[in-house]
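Novice: what follows is a predicted structure for the sequence shown.
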Amino acid sequence: MAYWLFKTEPDAFSIDDLNSRPDQTEPWDGVRNYQARNFLRDKVAIGDQVFIYHSSCKIVGIAGVAEVVKAGYPDETQFNPESNYYDPKSTRENPRWFRVDVKFVEKFESVLPLSVIKAMPNITEIGLVKKGGRLSIMPVEETEWQQLYTTAKMN
DNA sequence: GCCAACGTTGGC
DNA sequence: GCCAACGTTGGC
């Protein structure tokens, strides 16, 4: 089993939105970054654990946990001219963009803020603190996952 | 295939 | 709203 972090803007879709769905699942669509695409297409597997990260909001940080319930499959929005995520260069024979489905697992009582994550001395590999923190789908090492999870639960 | 220009992300 | 850090595009 692997660990991941998915970003979302809570103004558009938050962990509470995920939790409030009748079946508590959601397709993670609209990712249009090749590095993130490669993870979604090739690496993310059923049962993997996912930190849900809130970005571009008052308190940015890790808000809770989800679990992958469907591995990578073509993102239908790329074929829809009406969609914001439409990509005219993508074909059904050779889809360019992929997505996965996740289900709600838990919401932390308080968000683990990015400022705290950055101040944790052993958290050095996660994409949040590398590459300018701009990747929207990133792997999390198991040792870092454990530390982040424990810290989030203490808050 | 290089690289400048441009667009986007995202923390602050 | 600013701006730094990236990613993408397109001319050559």
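Specialist: Sure, I can see it.
Novice: mind listing the helices for chain A?
Specialist: Ranges of helices in chain A, per DSSP state H, are A:15-20, A:34-42, A:114-119, A:142-154.
Novice: quick one: is the third one near DNA strand C?
Specialist: No. Among the residues of helix A:114-119, none lie within reach of DNA strand C under Cβ under 7 Å from any atom of the strand; the closest is 13.4 Å away. Quick note: C-beta positions are derived from backbone N, CA and C, even for glycine.
Novice: tell me the mean pLDDT for that helix?
Specialist: Average pLDDT, helix A:114-119: 95.
Novice: does that helix reach DNA strand B?
Specialist: Yes. Contact of helix A:114-119 with DNA strand B is found when judged by Cβ under 7 Å from any atom of the strand, involving A:114-115, A:118.
Novice: buried subset of the residues you listed?
Specialist: Among the residues of helix A:114-119 next to DNA strand B, those buried by neighbour count (16 or more other Cβ atoms under 10 Å) are A:L114.
Novice: quick one: buried residues of stretch A:19-31?
Specialist: With burial defined by 16+ other Cβ under 10 Å, the residues of stretch A:19-31 counted as buried are A:19, A:26, A:28-31.
Novice: and stretch A:33-51, which residues are buried?
Specialist: Across stretch A:33-51, burial judged by 16+ other Cβ under 10 Å covers A:36-37, A:39-41, A:44, A:48-51.
Novice: ditto for stretch A:133-147
Specialist: Judged by neighbour count (16+ other Cβ under 10 Å), stretch A:133-147 contains these buried residues: A:133, A:135-140, A:144-145, A:147.
Novice: tally of neighbours for A:P10?
Specialist: Here the number of neighbours of A:P10 (other Cβ atoms under 10 Å) works out to 20.
Novice: skipping its backbone neighbours, what lies nearest it in space?
Specialist: In space, and not counting its chain neighbours, A:P10 is closest to A:H54: 4.5 Å by Cβ to Cβ, 6 or more residues apart in numbering.
Novice: one step back: adding distance to A:F6, write the residues of helix A:114-119 next to DNA strand B out as JSON lines.
Specialist: Listed next are the residues of helix A:114-119 next to DNA strand B as JSON lines, based on distance: Cβ to Cβ, whole Å:
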{"residue": "A:L114", "distance to A:F6": "15"}
{"residue": "A:S115", "distance to A:F6": "20"}
{"residue": "A:K118", "distance to A:F6": "19"}
